[in-house]
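In: dropping a prediction and its sequence here:
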Amino acid sequence: MSYRPARGGGGSKAKAPGIALLVLGILWVLYAAWTIVAGMAMDPKAIADQAMAQQHSAGLQPAQAAQVQNATDMIAKFGKTVVVVFGVVSALVGLGVLLGGLQMMRLRSRGLALTGAILAMVPVSPFCLLGLPFGIWALVVLRKPEVKAAFG
């Protein structure tokens, strides 16, 4: 893939938010990869056992202790799976943001650039705090007539 120079004023307006989405997408994917690795390495049974030990020392009533036991059993059964699935979903969203930013910089696919801007605002990682302003910025720029024309 080669970089296509910006056409007119619209192309140069799309470059900065495209770079912002690209960098955000890279950070997002790295965070998601870390989440997946951490999820694979976690020991949900040990976490559940630790929670139960803390609850026993708190002196709970029998009904409360049963509720805590049910919750810790759920953590032990599904904790690792939930974390890994969440990491995979987050990685896919981050990849969409990354590709959208790349296409916005290159003025190639306005639809993918719009998708990346929208995905940047999805709250599936801490990066949505940056994704919200960057996504709005990208959407505002992508709606400008001169930017639409630059995409061809």
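Out: That came in fine, so what should we check first?
In: what strand or helix carries Leu139?
Out: For Leu139, the host element (DSSP states H and E) is helix 128-142.
In: tell me which other helices or strands that helix touches.
Out: helix 8-41, helix 62-106, helix 110-119 (3 or more Cβ pairs under 8 Å, 6 or more residues apart in numbering; DSSP states H and E). From N, CA and C alone the C-beta is placed, and that goes for glycine too.
In: could you identify the helix or strand that succeeds it?
Out: Next along from helix 128-142, by DSSP H and E: helix 145-150.
In: dump that next one to PDB, restricted to CA.
Out: What follows is helix 145-150, C-alpha atoms only, in PDB (Å, rounded to 0.1, in the frame of the first residue of the first chain):
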ATOM      1  CA  PRO A 145     -17.700  18.500   2.300                       C
ATOM      2  CA  GLU A 146     -14.100  19.100   1.300                       C
ATOM      3  CA  VAL A 147     -13.000  16.000   3.200                       C
ATOM      4  CA  LYS A 148     -15.800  14.000   1.600                       C
ATOM      5  CA  ALA A 149     -14.500  15.200  -1.800                       C
ATOM      6  CA  ALA A 150     -11.000  14.300  -0.900                       C
END
